[in-house]
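> just the structure for this:
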Amino acid sequence: MPKYSRAELEQALAIYNEAHQRASETGDWEPWVDLFTEDAIYKEHAYGEFHGREEIRQWIVDVMAPYPKMWFPQDWVAFDEENGAIVLGVQNVWPHPTEPDNPQFGFPNWTRLVYAGDGKFSSEEDIYNPFRDAPRVMQEWLEAGGKFAAPLQVKMKYTQSSAQQKK
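From the prediction side, this is the model:
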């Protein structure tokens, strides 16, 4: 017996996507964060693990401040009704800074959401290569004229050097 129906997962993802898109357009991440349960866990492979909605809120507001127009189109979606999970192929994209018709700057990411019912998610995990893709694409965006909207406020917890030290 499935934990949640496909229809309920699809509806929850539509609400999540709408809040995510609105946050990317406005820079206001509050409504998106409110889709998480109070005890949610957010795993981010470069920045660490965040426990509880308020810790997630503080992190996302701070980490996204320099990139208010970054957006996250999805390449594919897989629904796991039995476990209440949704897995997405996502692109992390900065729009071209000077020429809107030119290609955007992006890198791939997998996201796994776990649905908790009542329109809330109990966890999110973002999976990507923080050592290769993100720094390279950000550098390309900066070289094309990209500018941070605010100073960087959050440092990556896991860097390539820290990963090498664990070996």
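
> who does residue 117 bridge with?
residue 120 (DSSP bridges).

> now do it against residue 9, distance only.
Per C-beta to C-beta, to the nearest Å, residue 117 is found 10 Å from residue 9. Heads up, the C-betas are built off the backbone N, CA and C, glycines and all.

> overlap of the contact sets of those two?
Common contact partners of residue 117 and residue 9 (C-beta atoms under 8 Å, 6 or more residues apart in numbering): residue 84.

> where in the protein is the helix or strand with the lowest mean pLDDT?
helix 160-166 (a mean of 48; mean pLDDT, DSSP states H and E).

> you'd agree residue 93 is in a helix?
No: under DSSP: H, G, I helix; E, B strand; the rest coil, residue 93 falls outside any helix and is assigned strand.

> neighbours of it, how many?
Number of residues near residue 93 (other C-beta atoms under 10 Å) recorded here: 20.

> grab the nearest non-local neighbour of it.
residue 106 (3.7 Å; C-beta to C-beta, 6 or more residues apart in numbering).

> and the helix or strand encompassing the one you found, how far from the chain's centre?
Residue 106 is located in strand 105-117, with elements delineated by DSSP states H and E. Distance, stretch centre to chain centre, for strand 105-117: 6 Å (C-alpha atoms, centre = their mean, to the nearest Å).

> any idea of the mean pLDDT in that strand?
Averaged across strand 105-117, pLDDT comes to 96.

> which neighbouring elements make contact with that strand?
If you count contacts as 3 or more C-beta pairs under 8 Å, 6 or more residues apart in numbering; DSSP states H and E, strand 105-117 packs onto helix 6-26, strand 85-94, strand 120-127, helix 133-143.

> the more surrounded of residue 117 and residue 9?
Neighbour count, other C-beta under 10 Å: between residue 117 and residue 9, residue 9 has more, with 21 against 13.

> roughly how far does that one sit from residue 38?
On the measure of C-beta to C-beta, residue 9 and residue 38 end up 21 Å apart.

> with residue 13 instead?
Residue 13 is 21 Å from residue 38, by C-beta to C-beta.

> go on, residue 80?
24 Å.

> out of the two, which sits in the more crowded spot?
residue 80 (17 against 9).

> and the more buried one, what's its pLDDT?
97.

> just checking, it touches residue 113?
No: using C-beta atoms under 8 Å, residue 80 is not in contact with residue 113, being 10.0 Å away.

> so what sits against both of these two?
86, 87.

> nearest the middle, which residue of the protein would you pick?
In the chain, the residue lying closest to the centroid (C-alpha atoms, centre = their mean) is residue 126, at 6.3 Å.
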